[in-house]
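Here's a sequence, model it:
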Amino acid sequence: MAFVTRFAPSPTGYLHKGHAFSALTAWRAAREAEGRLLLRIEDIDATRCRPEFDAAIEEDLTWLGLNWETPVRRQSEHLADYQAALERLRDLGLLYRCFRTRKEVLDEIGRAPHHPGEGPDGAVFTGGPLPLAEEQVLLDRGKPFAWRLSLAAARRRLGAAWDRLRFTEVGQGEVQARPESAGDVVLARKDVGVAYHLAVVFDDALQGVTHVIRGLDLYEATHIQRLLQALLDLPTPLYRHHALLTGPDGRRFAKRDHSQTLRELRDSGVTAEQLRADLGFGAR
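Modelled structure (predicted):
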């Protein structure tokens with residue numbers, strides 16, 4: 001089997017050392033396997049993504065000494081693909097409209113007699129659809145809504161196959177998928193026509209990705225993505241979730257914490273060779 005992996009950042013900020021570690025991990029794995037590395041820009045969230053961050057991604061990766069296949073796939077250029085996948089799930093009766101705001105969802109979860117815990121996207125929600133008459137009233141009023149995946153409907157569709165949902169974590173072996181840990185996830189919102197989970201499984205299949213190499217923070221997302229693969233008849237790649245890079249304070253590098261960016265390191269005089277050595281990758 002040919003080895004194909006990808007590095008898939010979102011242009012919502014400049015890359016930091018954690019991104020560099022993840023990109024180098026995927027790049028080295030592809031090189032050792034004599035395989036292919038793809039670069040995918042996951043820019044479906046137009047409210048947060050910026051052109052300057054997009055341009056900086058390739059600049060920073062080139063500075064690091066990485067290479068990848070072209071053309072680069074930008075998700076914002078393929079929204080029709082994701083809409084078609086969304087419509088397929090809708091036609092199968094697997095989606096429902098959710099008119100609740102995020103605060104209303106959190107309040108509803110808080111009132112539940114048995115709290116279901118936390119999923120990869122935050123609090124788990126399994127509220128289900130509204131009665132048709134009530135839903136029609138809200139539609140007539142023009143109230144915005146999101147499309148949620150119904151786990152109950154998905155379980156009915158898969159039947160016994162639900163309990164056979166598994167994925168392989170490299171170095172760990174076969175893992176039983178637990179989609180219920182994520183709840184009824186949002187697959188599309190009014191402001192963003194498609195959500196991460198649906199776009200990523202579609203693109204991995206379309207691009208022939210055989211090995212998904214990414215940070216441990218996305219491990220839990222694999223459970224719901226495995227379900228989407230089954231529902232859309234898509235192949236399941238192998239997964240490898242690497243440890244997260246942390247700073248001196250023990251916290252993982254993150255854009256929201258304003259972690260030092262690669263361009264700030266470069267401007268301070270750090271060379272790509274020094275950074276690669278610091279991250280444990282040594283010479284090219």
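
quick one, domains of this protein?
1-77+246-284, 79-198 (automatic domain parsing).

Can you classify Leu37 by secondary structure?
Recorded secondary structure, Leu37: strand (DSSP: H, G, I helix; E, B strand; the rest coil).

leaving aside the residues next to it on the chain, what's closest to it?
Leaving aside its sequence neighbours, Leu37 sits nearest to Ala30 (C-beta to C-beta, 6 or more residues apart in numbering; 4.1 Å). Just so you know, the C-beta spots here come from the backbone N, C-alpha and C atoms, and that holds for glycine as well.

any idea which element that neighbour lies in?
Using DSSP states H and E, Ala30 maps to helix 17-32.

Would you mark the buried spots in that helix?
17-30 (16 or more other C-beta atoms under 10 Å).

could you measure the closest residue to Leu165 other than its chain neighbours against Gly128, distance?
In this structure, Leu165 finds its nearest non-sequential neighbour in Ala177, 3.9 Å apart by C-beta to C-beta, 6+ apart. Here Ala177 is placed at a distance of 21 Å from Gly128 (C-beta to C-beta, to the nearest Å).

ditto for Lys17
Noted for Lys17: a distance of 43 Å to Gly128, by C-beta to C-beta.

go on, Met1?
Met1 sits 40 Å away from Gly128, going by C-beta to C-beta.

more neighbours, the two?
Gly128 (13 against 8; other C-beta atoms under 10 Å).

where does the more buried one fall, helix, sheet strand or coil?
Strictly by three-state DSSP, Gly128 counts as coil.

tell me the contacts of it?
Contacts for Gly128 were tallied using C-beta atoms under 8 Å, 6 or more residues apart in numbering; they are 96, 150, 152, 184.

Identify all residues paired with the first one through a beta bridge.
Listed by DSSP bridges, the beta-bridge partners for Tyr96 are Arg148.

that older thread, show me the one of the domains of the chain that comes nearest Gln225.
Closest of the domains of the chain to Gln225 is domain 79-198, at 5.7 Å (criterion: C-beta to C-beta).
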